[in-house]
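Novice: Show me the folded form of this:
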Amino acid sequence: MKKKGNILIGICGGIAAYKICQLVRLLVKNGYLVKVMMTPAATEFIRPLVFKELTGQPVYQKMFSLGNQDAQHISLSEWADLAIIAPLSANTLSKVACGICDNLLTSVVCALTSSKPVLLAPAMNEGMWKNPLIQENLFRLKKIKNYTVLSPERGELACKTIGIGRMAEPGKIYKKAEAILKKPKS
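Specialist: Modelled structure (predicted):
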């Protein structure tokens, strides 16, 4: 199968992290080369080994690691044709919107050129999602041309309430990623 493109997935801490296994499988099955970055909080929900096995690639977790002297945030940002952050936590959403680069994922996103598309799939409690500060940060990101936001859906949340905050389903994220990559570059 011909390789269709390089997709870099950033996984933040949240119960929806387990759904990213399905997204990775869809992408790999359909000819994409996938690399995964995880925030420290993400590794509390799902182990990096899962993504190493699904992608056949190392999983990136730390800005600097022993024996790796290259600037990973630059090499990963140059490698990617598309970056997907899913689930996108309120914490990382706010860091990206404000240009805070305190971990590998946020540094890679900041290093992406404006020609590189970024697909965001937020997931959080409804109270967090509706918080005016989160909405303001979301508005800032939506104004940036290369950012696309797949808003969370309504349903049962991890906190056992019904509301808006569920991450878009992996199939929907996959379809949006394909559509973004098929768009002619401007």
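Novice: Might you calculate how far the top helix by length along the chain sits from the centre of the chain?
Specialist: Longest helix of the chain, by residue count under DSSP state H: helix 170-182. Centroid separation for helix 170-182 versus its chain: 13 Å, with Cα atoms, centre = their mean, to the nearest Å.
Novice: helices or strands next to that helix in the packing?
Specialist: helix 20-29, strand 82-88, strand 118-122 (3 or more Cβ pairs under 8 Å, 6 or more residues apart in numbering; DSSP states H and E). For glycine as for every other residue, the C-beta is placed from the backbone atoms N, C-alpha and C.
Novice: and Thr55, what does it touch?
Specialist: Residues in contact with Thr55 (Cβ atoms under 8 Å, 6 or more residues apart in numbering) are 24, 28, 34-36.
Novice: again, 6 Å this time
Specialist: Counting by Cβ atoms under 6 Å, 6 or more residues apart in numbering, Thr55 touches Val34.
Novice: Could you measure from it over to Asn91?
Specialist: For Thr55, the distance to Asn91 equals 25 Å [Cβ to Cβ, to the nearest Å].
Novice: And for Gly5?
Specialist: Taking Cβ to Cβ, one finds Gly5 at 28 Å from Asn91.
Novice: All the strands of the chain, residue numbers only.
Specialist: Per DSSP state E, the chain carries strands over the ranges 5-11, 32-38, 59-60, 82-88, 118-122, 147-149, 153-156, 162-166.
Novice: Would you mark the buried spots in the fifth one?
Specialist: If I follow you right, that is strand 118-122. 118-122 (16 or more other Cβ atoms under 10 Å).
Novice: what is the rounded mean pLDDT of it?
Specialist: Strand 118-122 shows a mean pLDDT of 97.
Novice: Let me see the contact set for the most centrally placed residue in the chain.
Specialist: For the chain, the residue nearest the mean C-alpha position is Ile85 (1.0 Å; Cα atoms, centre = their mean). Taking Cβ under 6 Å, 6+ apart, we find Ile85 in contact with 10, 120.
Novice: list the contacts for the nearest residue to Arg140 once chain neighbours are set aside?
Specialist: Leaving out its chain neighbours, the residue that sits closest to Arg140 by Cβ to Cβ, 6 or more residues apart in numbering is Ala97, at 4.6 Å. Applying Cβ under 6 Å, 6+ apart to Ala97 gives the contacts 137, 140-141.
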